[in-house]
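**Q** Predicted model, plus sequence, below.
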Amino acid sequence: MLSMASKMACDAISYTTPNQLTILGLLANVLYIQPNGLIHESQHMPWLQARLAPFLSVNPNHMDYTHLESLSCLKFEPFITRDLSQILNQKMGNGFNYEQFKTSQLGEKMLSVWEGGSLKSCQLTSVGQILGMMVSDQYVGGKTSMSGWGA
């Protein structure tokens, strides 16, 4: 699976714009990339700041979604929305204060992109996940583990 998706990601990357790659990076961070192990409540906001802030200048539009869908990077499902509070509560674990997050400058910007940019209706494919993780590693630094990918 990883080999096939990696080949498709290599083919797709040359057809994407910087904005579209940023969309994939942000979605990968929100939907797939997890903190390493359990982190203390005091580390929630710094972790989210490091992972989300570099992507919040993104300006997604319907044409970006149509193009990324044609490259097999994402599925745009306008009738399905993903609840950001539920995603972050599950990702960050016990003690995550979503109310504090959403009223922070980071949270306000993230909600604007999530709701206003319709990211809430996007789901990454395996190709989009690989590209999103690659973009995330470039923006944030580090190397995201692919150990959870099975055959």
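**A** Okay, I see it.
**Q** which stretches of this structure have low pLDDT?
**A** Counting by pLDDT under 70, the chain contains low-confidence residues at 1-5, 7, 37-38, 145-151.
**Q** 90 instead?
**A** 1-15, 33-43, 78-81, 93-95, 116-117, 126, 130, 140-151 (pLDDT under 90).
**Q** Which stretches in it count as helices?
**A** Secondary structure of the chain (DSSP state H): helices at 2-13, 18-31, 44-52, 62-70, 84-92, 98-103, 105-111, 126-140.
**Q** So which of those is nearest Ser118?
**A** helix 62-70 (7.4 Å; Cβ to Cβ). Yep, even glycine has a C-beta here, placed from its N, CA and C like the rest.
**Q** Run through the neighbouring helices and strands of the closest one.
**A** Secondary-structure packing of helix 62-70 (3 or more Cβ pairs under 8 Å, 6 or more residues apart in numbering; DSSP states H and E): helix 18-31, strand 74-76.
**Q** Run the chain-centre distance for the shortest one.
**A** It stands for strand 74-76. The chain centre lies 13 Å from the centre of strand 74-76; the measure is Cα atoms, centre = their mean, to the nearest Å.
**Q** Name the nearest residue to Leu111, sequence neighbours excluded.
**A** Nearest residue to Leu111, sequence neighbours excluded (Cβ to Cβ, 6 or more residues apart in numbering): Lys102, at 6.0 Å.
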